[in-house]
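**Q** Provide a 3D model corresponding to the input given below.
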Amino acid sequence: MRTALPTTAAAVAAVGSLLALPSVAEAASNPYTPVGVCGSGYHVIDSRTLRHQNGSAGGTVYLLYNNSNGYNCAVTIKGVSVGTATKTGIDLLVMTGDKFTRHRNEGNFKYYAGPVRARAAGHCVQEIGYTFSTSSSTSYAATIPEGHCGS
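**A** Have a look, this model is predicted:
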């Protein structure tokens, strides 16, 4: 009985397709949710996809609010290099006229940055989130523009 061997071109194509697959850390699903990170009572009021300059997605930045205590919560949930510690951050800016108070959490995190909480009654907020892939030169960022002005 003869067994057909793949042609050289087919073998090269198969190896090439394996090399193009993302690493396990890049392909892993993030088990954390924004509500799980911020805590019970918070609900998502806005979100933006973290994007690389080439348009690829790298996670999501979330803004949440808790009606019972009047606090905003901000979190960056990684979508790349999940499970691997890479530089990741979240800034929640509480605006007062042309000035702001910055609430920040940044570092080398495996799954998310945050939560960052701030009471912003009567003020608008802005949020900036980012992460890097395992290649420190590949960054992903998003901004939730100034808005969500509390009463």
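
**Q** use CA for all of it now, contacts and neighbours both
**A** Fine.

**Q** Quick one: low-confidence residue ranges for this protein.
**A** Scanning the chain with the threshold set as pLDDT under 70 gives 1-28, 136, 151.

**Q** ok, residue 70 touching residue 121?
**A** Yes. Residue 70 is in contact with residue 121 according to C-alpha atoms under 8 Å; the separation is 7.0 Å.

**Q** Dihedrals phi and psi, the nearest residue to residue 89 once chain neighbours are set aside?
**A** Closest residue in space to residue 89, ignoring its immediate chain neighbours: residue 106 at 4.0 Å, by C-alpha to C-alpha, 6 or more residues apart in numbering. The phi/psi pair for residue 106 (degrees, to the nearest 10) reads phi -150, psi 150.

**Q** Repeat that for residue 33.
**A** Main-chain torsions, residue 33, degrees, to the nearest 10: phi -120, psi 160.

**Q** Wait, it touches residue 77, no?
**A** Yes. Using C-alpha under 8 Å, residue 33 is in contact with residue 77, at 7.4 Å.

**Q** Which parts of the chain are helices?
**A** In the chain, the segments counted as helices under DSSP state H are 8-19, 24-27, 34-38.

**Q** Would you mind measuring from the residue nearest to residue 89 to residue 45?
**A** Residue 106 is 22 Å from residue 45, where distance means C-alpha to C-alpha, to the nearest Å.

**Q** which of those two has more neighbours?
**A** Neighbours per residue, other C-alpha atoms under 10 Å: of residue 106 and residue 45, the larger number sits with residue 106, 17 against 13.

**Q** in stretch 135-151, what's buried?
**A** 139, 140, 141, 142, 143, 144, 148 (16 or more other C-alpha atoms under 10 Å).
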